[in-house]
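1. Please work out how this folds:
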Amino acid sequence: RDSICINDVENSLKSCNKIYYLKQNEKEVGVNDYNPLLLKLWRANMDLQYIAERSLSLTEYVTGYVTKAEKSHAQD
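-> As a prediction, this is how the structure comes out:
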């Protein structure tokens with residue numbers, strides 16, 4: 001996973017395709033995008049994707065989702 005190739009960004013955004021692709025070896029053909037360091041630290045499934053700055057509503061949704069507090073099931 002030494003290199004990331006950037007596609008034609010403008011056309012990729014218009015067609016909803018990824019603006020990049022990660023080189024994969026034959027063992028990783030069916031594997032989601034991942035970061036090797038995060039995989040070692042997180043030790044769980046992940047599917048990393050770039051979110052373009054044009055996707056402000058998606059960015060706001062994702063930010064709100066990952067920063068929301070968990071509801072406590074404990075009684076006070």
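2. Now tell me which helix or strand of the chain has the poorest mean pLDDT.
-> Ranked by mean pLDDT, DSSP states H and E, the weakest helix or strand in the chain is strand 4-6, scoring a mean of 52.
3. ok, Leu22 - how many residues close by?
-> Other residues lying near Leu22 total 17 when counted by other Cβ atoms under 10 Å. C-beta coordinates here come from the backbone N, C-alpha and C atoms, glycine included.
4. An error on my part: the question was meant for Arg43.
-> For Arg43, using other Cβ under 10 Å, the count is 7.
5. got it, and Asp33?
-> Residues near Asp33, counting by other Cβ under 10 Å, number 17.
6. Now do the same contact list for the closest residue to Asn45 other than its chain neighbours.
-> Distances taken as Cβ to Cβ, 6 or more residues apart in numbering place Asn32 nearest to Asn45, at 7.5 Å, with adjacent residues excluded. With contact taken as Cβ atoms under 8 Å, 6 or more residues apart in numbering, Asn32 is in contact with 45-48.
7. three-state assignment of Val31?
-> Three-state call for Val31 (DSSP: H, G, I helix; E, B strand; the rest coil): coil.
8. wait, it sits on Leu39?
-> No. Using Cβ atoms under 8 Å, Val31 is not in contact with Leu39; the gap is 10.2 Å.
9. so where is the chain shaky, pLDDT-wise?
-> The model of the chain has pLDDT under 70 over residues 1-21, 50-55, 72-76.
10. where do the helices sit along it?
-> Using DSSP state H, the helices of the chain run over residues 9-15, 36-42, 56-67.
11. Out of those, the one nearest Gln24 is which?
-> Nearest of the helices of the chain to Gln24, taken as Cβ to Cβ: helix 36-42 at 12.2 Å.
12. tell me which strands and helices the closest one is in contact with?
-> Packing partners of helix 36-42 (3 or more Cβ pairs under 8 Å, 6 or more residues apart in numbering; DSSP states H and E): none among the helices and strands.
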